[in-house]
Structures are given as structure tokens and as C-alpha cells.
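Trainee: No letters, just coordinates:
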């Protein structure tokens, strides 16, 4: 039983260390938001400018599903490929009551190297002699009954994904808010998108540009 508990601790540490870490690193908003009455948009068109159609639809659907108010509309269901005239598009948006546009796109992927320090745990089980196994450099060392076991430090290659999100006013065609999120070593697209969407929506609601749910 003690062995199972110790292995569970190791698994948890590995899972947490590999989990996505998303932060809102940069933010800008129009000076007019501090001088004029801020209007919360009731209907917003969502556009994800990504490298392929599948990623675009997944992202737009995730943003739409994140709101219980039903105020987001995915662009792939609204915009037509042959719609080239911007004035006609704007006219159509206003006619359908769409007041704002959220535009999201991946702007950069930054590679770097970081050092993850080792960890030491104490337990009531172990081996009499030191042992280091494979498992990508992880192992156990210096174990004994009532002793300690640890994981050595290591270097890892990190990838940081930067996603820029802009909010435009349809009627004036002006940028009102812009923010950039960074996510380190994302593992699952769903969880990463959820983190990015939460960070963006929190700020847009705080500034009054989106309705509070």
C-alpha cells in the first residue's frame, strides 16, 4: 500500500509539472474606455485565424460554448468565403445586431531551455541499495526502510505559445482591447484553450466590454 501511495505522489508531480501554464502577459485598451461610458456587447462574432480549418472551428466552438448567455457567434457559420466587400459585411453584421468582433490568432512559438530541480521524498519503504532506472532520466536513489527517495534534476526543452486576442467595435471599426496570453508546454488543446478563454473573458468582463454571466 505504501508503495502505491509513493508512486501516486510521483505521478501527481509529473502531471502538475507538465500541465499548461497560461498567463495574460500583455494588455492594451483604448483610452476611450476611460473617458466614455463602456458598453457591454450583447452579440459578438468570434474569428479564430489559425493555420487550418479544423483548428479554427474547434477554437471558435470552444469560445462560443464558454458563454452561458449565447452571445457569441462562430465566424465559420456566419461569414461566407465569397464575402469580399467590407462595407457589405459590416452592414450585414449591424443588421443582425452583432456589435463586436473577437479576433484570436497564434502570433509566436518561442523555444527555450529550463532546469527542473530534483525533489526528495521521505517514506517508510525502499531498497537497500541505490538504483537509477530509465523512464526518461527519472529514478530512485538511496532508498531504505524509513529512508528517502528522490528524483534528480534535469533540463527540458520548453515551448511557449503566444496567442493574441483583439476586440473590435463593428460600427466604428476600431480596436478597443488587445491582450496576449502565453502558455508554456501545452499538452492538450482543450485545456489550453479553456485557460486562454478564461483569462481573456475575465479581463473583458472586468473592463465592461462583455456581460457578466
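Mentor: Cool, the structure landed. What you are looking at is a predicted structure, and each value in this text was computed from that prediction instead of being measured.

Trainee: need the contact list for residue 47.
Mentor: Neighbouring residues of residue 47 by C-beta atoms under 8 Å, 6 or more residues apart in numbering: 60, 75, 79, 101, 102, 103, 104. To be clear about C-beta, it is placed using only N, CA and C from the backbone, and glycine gets the same treatment.

Trainee: For residue 193, see how far away it is.
Mentor: 15 Å (C-beta to C-beta, to the nearest Å).

Trainee: for residue 157, same thing?
Mentor: Computed as C-beta to C-beta, the residue 157 to residue 193 distance reads 23 Å.

Trainee: just the helices in this protein please.
Mentor: In the chain, the helices defined using DSSP state H lie at 2-18, 32-35, 53-65, 75-78, 86-95, 189-206.

Trainee: in the second one, what counts as buried?
Mentor: Right, helix 32-35. Under the neighbour-count criterion of 16 or more other C-beta atoms under 10 Å, helix 32-35 has nothing buried.

Trainee: for that helix, the distance to its chain's centre please.
Mentor: How far helix 32-35 lies from its chain's middle: 28 Å, per C-alpha atoms, centre = their mean, to the nearest Å.

Trainee: same thing with the third one?
Mentor: Using C-alpha atoms, centre = their mean, the distance from the centre of helix 53-65 to the centre of the chain it belongs to is 13 Å.

Trainee: about what we covered before: okay if I get the contacts of residue 47 as CSV plus distance to residue 181?
Mentor: Formatted as CSV, the contacts of residue 47 follow (distance: C-beta to C-beta, whole Å):
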residue, distance to residue 181
60, 17
75, 20
79, 24
101, 18
102, 13
103, 14
104, 10
